[in-house]
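Asks: this one's sequence-less:
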């Protein structure tokens, strides 16, 4: 601890500058969603909600919003069921099958969405499937499941398994133990995982581009309509696209506050 | 509660069905399709290596590879360096800012992928905040047209995509380092920089390797940022693949290019491991 109290905290300054780099574009883009004029020019001129009004007046956008919610809810339910069951097995049974499966379950996180997306195209050609909501959902489940496994495993690894043994000693059967002891303990983590899966699905773009067919989700609404046009409606969509996953994620963090909070959610045990 | 072998296997069926059905099998099918010539979006004739030969002979492929490297390498280097700095401060730093910084990093990771890219357009547009601000300050007379729709814009966009991810992988790696080792190094008279160079960096070597490779791979495969922020010259391998399955409908070439990028990635990873071993950033005893 030599003279450290007097040295300039370079690292803190650099880190905070990097945060400015990450958040400044988001803040500016969000600000212009409330612009009074149609051009995105400096300086910012006045406030209005007309771009949100224009957006919600567009049936195409309302449809996209509905599709996004539908897909994200189905993804959250399916990914949470599949991932929670898998996390149970991964934390309690260690053999070649479980270790291989666990490694395989990390693939969708490491593989860029593009390759999963073009894989879906290949699958559609082979099986003569047509693109649309079911395949969009399948793509989202693939990317959401690894996060569910991560979150639920983190919880299963830290809680006291003696509680289960105690329940068994007191005469509870395996299903009674599961229902009355294990599930209530991990329920907040499972709810958090479901919300995280919802958030991940709502924003998924890289795979959905290939599985969409005639459908549009909220991110694809930006990709399609506003590719080269710069107009505040795009910024209004951006605000919605930022807020919905953030709210879901914030709720997840609240649910999991008692079981380690955000750091537990990121697979970190302290 | 114990789970038996049979029950465990049965419970994994849904997960394996999803992974095999939607990731493994499609990748194998993609490889198969790369071995056919395609006419009107359907495979024709017998097995052939034509797609690979034509891609390797085409100057476009090499140009696009060059662009991918010119984008992917700076993105990986900046994201890894920045991410490392952030998590180094969160794990080893002092002060109350650490908790806030962690929350901000996670929040940045959870910020919409598309919006993080799209947001740069408002900032960098020809009459946008950066140009308008510089003009108002009298620093420039005309908007800097080269900022948006350029390689620089793509790099900025992708760094904002991958730096939070890099920071969180380093967060996990750095919190796993035994603090005694760093303290011992300081006690033995090493400077802070020496401790970083000789103790902390080698101990986080595997994470640096894995994260650099991951970020490079994600950058190479990201086709949205070049479309949104890039100019006509910013065609990366990811964008070329996406186009061949979209606008240009050349599935055979797209499939062959996908296979080549996936194989290329493994080679890049092995090369990086070799270089890091040589430079001592990844001592053999760590991995």
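Replies: Alright, I've got the coordinates. Quick caveat, the model's predicted, so the values are computed rather than measured. Numbers count the residues shown, from 1 in each chain, chains lettered A, B, ... in the order given.

Asks: got a list of what the residue of chain A found nearest chain B touches?
Replies: In chain A, the residue found nearest to chain B is residue A:42; the distance is 2.2 Å by C-beta to the nearest C-beta. For every residue, glycine as well, the C-beta is placed using N, CA and C. Residues in contact with residue A:42 (C-beta atoms under 8 Å, 6 or more residues apart in numbering or on different chains) are B:127-129, B:131-133, B:135-136.

Asks: Now do the contacts for residue A:140.
Replies: By C-beta under 8 Å, 6+ apart, the residues touching residue A:140 are A:71-72, A:75, A:79, A:200-201, A:204, A:207-208.

Asks: same question but for residue B:162, I mixed them up
Replies: Contacts of residue B:162 (C-beta under 8 Å, 6+ apart): B:75-76, B:79, B:83, B:215, B:218-219.

Asks: Tell me the one among those nearest to residue B:273.
Replies: The shortest distance between residue B:273 and any of these, using C-beta to C-beta, involves residue B:76 and amounts to 14.7 Å.

Asks: Surely the closest one is in contact with residue B:212?
Replies: Yes - between residue B:76 and residue B:212 there is a contact at 5.0 Å, judged by C-beta atoms under 8 Å.

Asks: of these two, who's got more company?
Replies: residue B:76 (25 against 21; other C-beta atoms under 10 Å in any protein chain shown).

Asks: what's the average pLDDT for whichever strand or helix holds the more buried one?
Replies: Element membership of residue B:76, judged by DSSP states H and E, is helix B:59-92. Helix B:59-92 comes out with an average pLDDT of 95.

Asks: try stretch B:22-38
Replies: pLDDT averaged over stretch B:22-38 gives 93.

Asks: Not counting sequence-adjacent ones, nearest residue to the residue in the stretch 101-250 of chain B that chain A sits nearest to?
Replies: At 2.2 Å from chain A, residue B:132 is the closest residue in the stretch 101-250 of chain B, using C-beta to the nearest C-beta. Closest residue in space to residue B:132, ignoring its immediate chain neighbours: residue A:42 at 2.2 Å, by C-beta to C-beta, 6 or more residues apart in numbering or on different chains.

Asks: Give me the below-cutoff pLDDT ranges for the stretch 51-200 of chain B.
Replies: For the stretch 51-200 of chain B, the stretches with pLDDT under 70 are B:126-127, B:143, B:145-146.

Asks: is any part of the helix or strand harbouring residue B:264 close to chain A?
Replies: Using DSSP H and E, residue B:264 sits within helix B:251-279. Yes - using C-beta under 8 Å from any C-beta of the partner chain, helix B:251-279 comes into contact with chain A via B:251, B:254-255, B:258, B:261-262.

Asks: from the contacts of residue B:162, which are also near chain A?
Replies: Applying C-beta under 8 Å from any C-beta to the contacts of residue B:162, those adjacent to chain A are residue B:218.

Asks: List the buried residues for stretch B:28-36?
Replies: For stretch B:28-36, the neighbour count (16 or more other C-beta atoms under 10 Å in any protein chain shown) marks B:29-30, B:33-36 as buried.

Asks: Contacts for it, please.
Replies: Contacts for stretch B:28-36 (C-beta under 8 Å, 6+ apart): A:118-119, A:122-123, A:125-126, B:43-45, B:47-49, B:51-52, B:251-252, B:255-256, B:258-259.

Asks: near chain A, which residues of the stretch 151-287 of chain B show up?
Replies: Residues of the stretch 151-287 of chain B lying near chain A (C-beta under 8 Å from any C-beta): B:159-160, B:163-164, B:168, B:171-172, B:175, B:214, B:217-218, B:220-224, B:227-228, B:238, B:241-242, B:245-246, B:251, B:254-255, B:258, B:261-262.

Asks: hmm, back to that, where does the residue of chain A closest to chain B sit: helix, strand or coil?
Replies: Following DSSP: H, G, I helix; E, B strand; the rest coil, we place residue A:42 in the coil state.

Asks: Ramachandran angles for it?
Replies: Note on residue A:42: backbone dihedrals following degrees, to the nearest 10 are phi -90, psi 140.

Asks: any weak-confidence spans in the stretch 151-270 of chain A?
Replies: Applying pLDDT under 70 to the stretch 151-270 of chain A flags residues A:226-230, A:259-270.

Asks: For it, which segments count as helices?
Replies: In the stretch 151-270 of chain A, the helices defined using DSSP state H, counting those that start in this stretch lie at A:162-169, A:174-177, A:183-203, A:208-211, A:218-225, A:232-255, A:261-265.

Asks: Among those, show me which one is buried the most.
Replies: helix A:208-211 (a mean of 25; mean count of other C-beta atoms under 10 Å in any protein chain shown).

Asks: near chain B at all, that helix?
Replies: Yes - for helix A:208-211 and chain B, the contact criterion (C-beta under 8 Å from any C-beta) is met by A:209-210.

Asks: That helix packs against which elements?
Replies: helix A:113-127, helix A:133-158, helix A:218-225 (3 or more C-beta pairs under 8 Å, 6 or more residues apart in numbering or on different chains; DSSP states H and E).

Asks: which residues touch stretch A:50-61?
Replies: A:33-36, A:62, A:216, A:221, A:225, A:231-233, A:235-237, A:239.

Asks: Just say helix, strand or coil for the residue nearest to residue B:47 when sequence neighbours are not counted.
Replies: Closest residue in space to residue B:47, ignoring its immediate chain neighbours: residue B:35 at 4.8 Å, by C-beta to C-beta, 6+ apart. What three-state DSSP gives for residue B:35 is coil.

Asks: pLDDT below threshold where in the stretch 1-150 of chain A?
Replies: Judged by pLDDT under 70, the stretches of the stretch 1-150 of chain A that qualify are A:1-8.

Asks: Do a quick rundown of the helices in it.
Replies: Under DSSP H, counting those that start in this stretch, the stretch 1-150 of chain A gives helices at A:10-32, A:50-57, A:59-92, A:96-105, A:107-110, A:113-127, A:133-158.

Asks: Would you mind putting those into JSON lines with distance to residue B:201 alongside?
Replies: Shown next, in JSON lines, are these (distance: least, C-beta to C-beta, whole Å):
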{"stretch": "helix A:10-32", "distance to residue B:201": "15"}
{"stretch": "helix A:50-57", "distance to residue B:201": "48"}
{"stretch": "helix A:59-92", "distance to residue B:201": "31"}
{"stretch": "helix A:96-105", "distance to residue B:201": "27"}
{"stretch": "helix A:107-110", "distance to residue B:201": "23"}
{"stretch": "helix A:113-127", "distance to residue B:201": "31"}
{"stretch": "helix A:133-158", "distance to residue B:201": "26"}
